[in-house]
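Peer 1: Coordinates for the following, if possible.
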Amino acid sequence: MSSHAPAPYGGGYPDTPGGHDPYAGQGAYAGQGTYADPAQGTYAGPGGYGAPGQYADPGRYPGGQDAYAPEPAAAQPADPQPATDGTADPATGGPKGGRLAGAAVFLVPTALAFALILRGIGDRQLWRDEHATWWAATLSFHDLSLLIRSIDVVFTPYYVLMHLWIAVAGDSPTALRIPGAVAMAASAGLLALLGRRLFTTQVGLLAGLAFAVVPVTTRYGQEIRPYAFAVAAVLLSTLLLARALDKPSFKVWVAYTLSVPLIGWSHLASMAVLGAHLVMILIARRAGDKIVGWAYAAACTLGLCFVIPMAVSGSGQSGQIAWNNPVLKDLLEFPKNLFGSWAVAVPVMALGALGLFFAGRRALPLAVWIVLPPVATYATADQLHLFLPRYLLYTAPAWVLLAAVAVVRIAGPVAGAKAGTGAAARRGLGWVLVAAAVAGIAFQSLPGIRETRQNALGEPDFRGAARLIEAGQKKGDGIVFSGVMSERRAMDYELRDDAGRPSDSLMYRTPQELGSFGALECPDATRCLEEADRLWLVSTTLDGQPFSGMPKTTATAIQKSFKAVRTTKLEYLQLVLLERTRAATDDPSGDKDDAAKRKVHT
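Peer 2: Okay, here's the model as predicted:
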C-alpha cells in the first residue's frame, strides 16, 4: 500500500479506536516498548492519548492524518476484541478475507440478481427501442456501417456485440436478453466488491443484495439496450480505481485505463462518473500521494482517445433524441423512475442521504456520483437531451451503497464495538440485520418487479397481431401500417420466422438502402397495391381511426380499392383485414359486359 493512500473508512464513533466503531483494529497499534523515530512519535505500549500505548504526537495517528507509515515491528490491535469482519487490512490496503471471501461477496449478489432477472425473461414483448436493437444487430456489417453514418453511432460497440451474439444464440426474446441479464447481474456483484473495498464486507454484501432486488435491476436486466452494460462498466471502472488507490500497481492502472472506454462505449451519458473519479484522485493527492494525479491523467487521456471520436461523430446525430425535453415534473418524478417505484426510491434515497454523514472521506466522491449526472443532464437538456432515468441508471448503485453504509452504521451500537462482549454473537446479529434490511427492500420492491415483467406501458400488442395474421393469412396477402409506433419494424420482428408472411405492399425503398431504421413508402399507392387482393392493416393511431396515421393520398387509395371485412382491437393496436372491392376488380376502361350490347353468334 502506498504510504499516502487514504484509509479504507473515515467515519465512525470519535471515541473508539481510530474513529471506526464497527471497524475496530484500524486505528492504533498496541506493541511494547518505545519507538524513537521522531517522525512517528513515541509509542509506549497499550493505552490512550497522553497515556502509555499512544503516539506522543497526537496529530499523527489515529484520526489526525489521512495516511500513516506502518512500523516494521510486529503489531497487535489495541482492541483486544476481534475486528469486525470485512475491515481493511492495514498491511495491504485492501479488505480482509482473501480471494475466496471476495469471490463469495461477488457471487452471492450476482446469483440472486440473475435468478430474479431470468424469471420470465422471454415473456414480456419487445418494445420500440428493443426492436431497434434487433434490427441494427441483424444487419450485415456493411449495412450497419451505413446505418451508423446517420444514426446511433454511439451504440456501435453494443450493436456489434449483439450482432455476434445473435449469430451464436439466435434472436428469440430470451436469447436477445441474456447479455444484458449477465451484465446487470454482474453489476450487483461488482457493487458488493466496491462496498467491501471502500467500507466493510457487511456494507458490500448488503449493497449488492439490495441492488439485486430493486425493480430496475430486473427491468433493465431484461432490456435489449446497453443500459445494463453502462452500469457494469461504471462499477467495474470505479472498483479498479479504488483498487489502484489502495494498492497501486502498473497492471491495475492499465486495467483502469481500459475500463474508461468501456464506460463511453456503453453509453456516453455514463462518462459523467469520471467527475466522481476525479474527486477520488484529488482526495488522494491532498493526502500526499503525488504520483496518483499523473497516473490518472495518463489513464483518462489514453482511455478517452477511444471514446472522443465516437462522441464527436454522435454529436451530429443528437436530433434523434430531440424529442426528450424534460420539464419540472420529470425532475420531480426522477427518483421514482430511477428505482422503479416510490416505495423503493423513498427509503433507499433517505438512507442514502443519511449514509453521506457516515461515509467519511468517501462521502464527497459518492455525492458527486449521485448528484452531478442528473443535475448536469437536466441543466443541459435543451441542448443535449440526455436527462432520462434510463440514461442515468448508473447512479442507482451509488444510492444503494450509501443506504447500506447507513444501515450498517446505525446497527453499529447493536452489532459493533459498543455491543459488549461476545464478538461472534455480535457479528451474527450484524448479519441478521443485513438480511432483514435486504428482506425489507425486497418486500417494497415486489410490486415493482411484477410490473417490470409486464409489457412496457403504452406499447402495442404486436405479438398478438402477428399471431392473428399467421392464423388467417393467404397467399398473396399484403400488409400496410398506420401510426407512429415503428409498426413496420415491430412486425418484421414478430413475423421474422414466417416464410409465408404478407408482403410489405407499400415499401418503396428499404431501410438498408436508406441507411436508416425506417423505410420509404411508395409515392403511388394505387400502383403499388395492384398485386394484393387482401391487406392486413396494422394501426396504432391514438384517435382510433385506422387510416389517420397514413399520408392522405395513401389512405384514399386504400379506401377506394379495399373495404374492411374484419377489425380486431388489441392493446393499443387495431388489426384490420381489408379485401379488394368488386368495383376495383372491374375493367378500368369502363367497358361492362352489357347483355344488350353483347354480340351473339348466329
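
Peer 1: Name the residues of the longest helix seen in the chain that come out as buried.
Peer 2: Counting residues, the longest helix found in the chain (DSSP state H) is helix 423-452. Of the residues in helix 423-452, those buried under the neighbour-count criterion (16 or more other C-beta atoms under 10 Å) are 423, 426-427, 429-430, 433-434, 437-438, 441-442, 444-445, 448-449, 452. Every residue, glycine included, has its C-beta placed from N, CA and C.

Peer 1: same thing with stretch 282-293?
Peer 2: Buried residues in stretch 282-293 (16+ other C-beta under 10 Å): 283, 284, 285, 287, 289, 292.

Peer 1: Which of those residues fall within helices?
Peer 2: Of the positions in the buried residues of stretch 282-293, 283, 284, 285, 292 sit in helices, assigned by DSSP H.

Peer 1: element containing residue 165, please.
Peer 2: Assignment of secondary structure by DSSP states H and E places residue 165 within helix 156-169.

Peer 1: which stretches of the stretch 301-450 of the chain form helices?
Peer 2: According to DSSP state H, counting those that start in this stretch, the stretch 301-450 of the chain carries its helices in the segments 308-315, 328-332, 334-339, 342-358, 363-379, 381-384, 396-410, 412-415, 423-452.

Peer 1: Quick check: which of these is buried the most?
Peer 2: With neighbours defined by mean count of other C-beta atoms under 10 Å, none of the helices of the stretch 301-450 of the chain is more surrounded on average than helix 396-410, at a mean of 27.

Peer 1: what stretches of the stretch 251-400 of the chain score poorly on pLDDT?
Peer 2: Low-confidence regions of the stretch 251-400 of the chain, defined here as pLDDT under 70, cover residues 315-320, 322.

Peer 1: same question, the stretch 51-200 of the chain
Peer 2: Screening the stretch 51-200 of the chain residue by residue with the criterion pLDDT under 70, one finds the ranges 51-97.

Peer 1: let's go with 80 and repeat that
Peer 2: Counting by pLDDT under 80, the stretch 51-200 of the chain has low-confidence residues at 51-98.

Peer 1: How about the stretch 451-600 of the chain?
Peer 2: For the stretch 451-600 of the chain, the ranges with pLDDT under 80 are 582-600.

Peer 1: could you pull out the strands for it?
Peer 2: Assigned by DSSP state E, counting those that start in this stretch, the stretch 451-600 of the chain shows strands spanning 478-482, 503-504, 507-509, 520-521, 534-539, 562-570, 573-580.

Peer 1: Output these as a markdown table; include the columns mean neighbour count and distance to residue 143.
Peer 2: Conversion of those to a markdown table gives the following (neighbours: other C-beta atoms under 10 Å; distance: least, C-beta to C-beta, whole Å):
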| stretch | mean neighbour count | distance to residue 143 |
| --- | --- | --- |
| strand 478-482 | 24 | 21 |
| strand 503-504 | 16 | 17 |
| strand 507-509 | 15 | 13 |
| strand 520-521 | 16 | 16 |
| strand 534-539 | 23 | 24 |
| strand 562-570 | 14 | 31 |
| strand 573-580 | 20 | 28 |
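
Peer 1: Of those strands, which is nearest residue 118?
Peer 2: Of all the strands of the stretch 451-600 of the chain, the one in closest proximity to residue 118, counting by C-beta to C-beta, is strand 562-570 (27.8 Å).

Peer 1: For the closest one, list the C-alpha coordinates in PDB.
Peer 2: What follows is strand 562-570, C-alpha atoms only, in PDB (Å, rounded to 0.1, in the frame of the first residue of the first chain):
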ATOM      1  CA  PHE A 562     -60.500  -2.000 -50.400                       C
ATOM      2  CA  LYS A 563     -63.200  -2.500 -47.800                       C
ATOM      3  CA  ALA A 564     -62.800  -3.600 -44.200                       C
ATOM      4  CA  VAL A 565     -64.100  -7.100 -43.500                       C
ATOM      5  CA  ARG A 566     -62.800  -7.600 -40.000                       C
ATOM      6  CA  THR A 567     -61.400  -5.400 -37.300                       C
ATOM      7  CA  THR A 568     -59.700  -6.800 -34.200                       C
ATOM      8  CA  LYS A 569     -58.900  -4.500 -31.400                       C
ATOM      9  CA  LEU A 570     -55.800  -5.400 -29.300                       C
END
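
Peer 1: Show residues contacting it.
Peer 2: Under the criterion C-beta atoms under 8 Å, 6 or more residues apart in numbering, residues 460-461, 464-465, 468, 529, 535, 546, 574-581, 584 lie in contact with strand 562-570.

Peer 1: ok, now stretch 475-486?
Peer 2: 128, 131-132, 459-460, 469, 487-488, 491, 500-506, 517-518, 529, 531-541, 546-550, 554-555, 558, 572.

Peer 1: measure it end to end?
Peer 2: Using C-alpha to C-alpha, to the nearest Å, the end-to-end distance of stretch 475-486 comes to 25 Å.
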